[in-house]
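Peer 1: Would you be able to build a 3D model of this:
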Amino acid sequence: MSGEFTVLGTFTMGATDDLYRLVDFLNRNLKNQQVIFGLSKATEKDKMIITLYRTE
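Peer 2: Residues are numbered from 1 along each chain as shown. You can find the predicted model right below:
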């Protein structure tokens, strides 16, 4: 992996404890498909942003 990522999409949703587990599951199972999911806090209270990246 050269370290370059292309953002394919983002989605903002309500924060839950299981989002971290979901992103971890997706990353473990789709790593061979050259995609990575990221999770970050949104500026809005109790919201999280899921970002889908394609690795180059």
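Peer 1: pretty sure residue 44 belongs to a strand, no?
Peer 2: No: counting by DSSP: H, G, I helix; E, B strand; the rest coil, residue 44 is not part of a strand but coil.
Peer 1: quick one: the strands in this structure?
Peer 2: Taking DSSP state E as the criterion, the chain carries its strands at 5-14, 35-41, 47-55.
Peer 1: wait, which of those strands is closest to residue 21?
Peer 2: Comparison of these against residue 21 by CB to CB identifies strand 35-41 as nearest, at 10.3 Å. In this view, the C-beta of every residue, glycine as well, is placed from N, C-alpha and C.
Peer 1: Relative to the closest one, what are the paired strands and their orientations?
Peer 2: The strands that strand 35-41 pairs with in its sheet are strand 47-55 (antiparallel) (by DSSP bridges).
Peer 1: got the angle between the strand it pairs with and strand 5-14?
Peer 2: Counting by axes from the mean of the first three to the mean of the last three CA atoms, to 10 degrees, strand 47-55 lies at 160 degrees to strand 5-14.
Peer 1: can you list the weak-confidence ranges in the chain?
Peer 2: 1-2 (pLDDT under 70).
Peer 1: Rebuild the strands of the chain as JSON lines, extending it with distance to residue 21 and mean neighbour count.
Peer 2: Below are those laid out as JSON lines (distance: least, CB to CB, whole Å; neighbours: other CB atoms under 10 Å):
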{"stretch": "strand 5-14", "distance to residue 21": "14", "mean neighbour count": "11"}
{"stretch": "strand 35-41", "distance to residue 21": "10", "mean neighbour count": "14"}
{"stretch": "strand 47-55", "distance to residue 21": "13", "mean neighbour count": "16"}
